[in-house]
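**Q** This is a predicted model, with the sequence first.
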Amino acid sequence: MKLTCDAFKARYAAGTLKLALIGMSNIGKSYSGMRLATDYDFTLIEVDRLIWDSLGETDMDAFAAWQGQPYSEGYEARERRSIAMETDATRRCLDREARNPLLDTTGSVIYTEAGLLERLRAEWFIVYIEAADEHLDRLKSQYFAQPKPLAWNGHYKEMPGLSERESLMACYPGLLASRAERYAALADKTVSSADILTPDTAVLFDLVKPAA
């Protein structure tokens with residue numbers, strides 16, 4: 001949803017601003033959302049928590065263990081179910097009535113149903129947290145150190161002469177690049193993951209506003 005800076009401020013003051021954060025897992029969506037909801041008049045809505053509830057789990061580690069890696073048996077079926085659950089959970093979050101809802105999306109939101117994405121684009125001001133160059137290695141190392149549930153969307157291929165894990169590591173940059181294009185196409189504004197690390201939440205709030 002395209003907004004001017006003045007319209008953004010007016011909606012925020014009226015309690016009707018709908019703000020969504022998108023980007024890769026571990027890029028800082030939850031961290032930024034928590035800080036904004038703590039210091040400003042936002043209601044944080046976390047899509048992941050609804051998905052955990054659907055699985056009867058209570059945390060991200062359990063969700064990741066259930067989904068597994070793309071080389072594990074049954075992964076494709078679990079990936080399809082995961083996307084279906086994300087679609088349903090995101091739709092329920094969009095339907096939720098709240099004052100200045102701040103939506104912390106899943107990293108796989110770009111793979112949910114086209115109609116849902118159109119609704120998100122039409123009704124919400126979408127901010128894409130883009131991975132700064134210096135954070136790309138961190139994303140990769142964090143994923144392999146503590147895997148999160150990840151929809152590979154066909155980007156994993158076994159590489160000749162490499163183990164399954166080595167193939168996964170070799171394919172990961174391609175997945176990031178593909179997702180970056182889709183996040184950018186969906187977003188109304190893009191901010192750098194380096195910039196959101198500012199200790200000043202007022203600066204963070206200014207970062208997610210439209211340009212003046």
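**A** Yep, that arrived.
**Q** Now the helix of greatest length in the chain: buried residues?
**A** In the chain, assigned by DSSP state H, the helix with the most residues is helix 164-186. By 16 or more other C-beta atoms under 10 Å, the buried positions in helix 164-186 come out as 167-169, 171-172, 175-176, 179-180, 182-183, 186. Every residue, glycine included, has its C-beta placed from N, CA and C.
**Q** Just give me the closest of these to residue 65.
**A** Closest to residue 65 out of the buried residues of helix 164-186 is residue 168 (16.0 Å), distances taken as C-beta to C-beta.
**Q** and the longest strand for this structure?
**A** Determined from DSSP state E, the single longest strand within the chain is strand 125-130.
**Q** could you say what helices and strands it packs with?
**A** If you count contacts as 3 or more C-beta pairs under 8 Å, 6 or more residues apart in numbering; DSSP states H and E, strand 125-130 packs onto strand 19-22, helix 164-186, strand 189-192.
**Q** what's the angle from it to helix 164-186?
**A** 140 degrees (axes from the mean of the first three to the mean of the last three C-alpha atoms, to 10 degrees).
**Q** Check which helices and strands the helix or strand just after strand 125-130 sits against.
**A** Counting by DSSP states H and E, the element after strand 125-130 in chain order, helix or strand, is helix 136-145. With contacts taken as 3+ C-beta pairs under 8 Å, 6+ apart, helix 136-145 sits against helix 164-186.
**Q** and the helix it packs on, what other elements does it pack with?
**A** Helices and strands touching helix 164-186, by 3+ C-beta pairs under 8 Å, 6+ apart, are helix 114-123, strand 125-130, helix 136-145.
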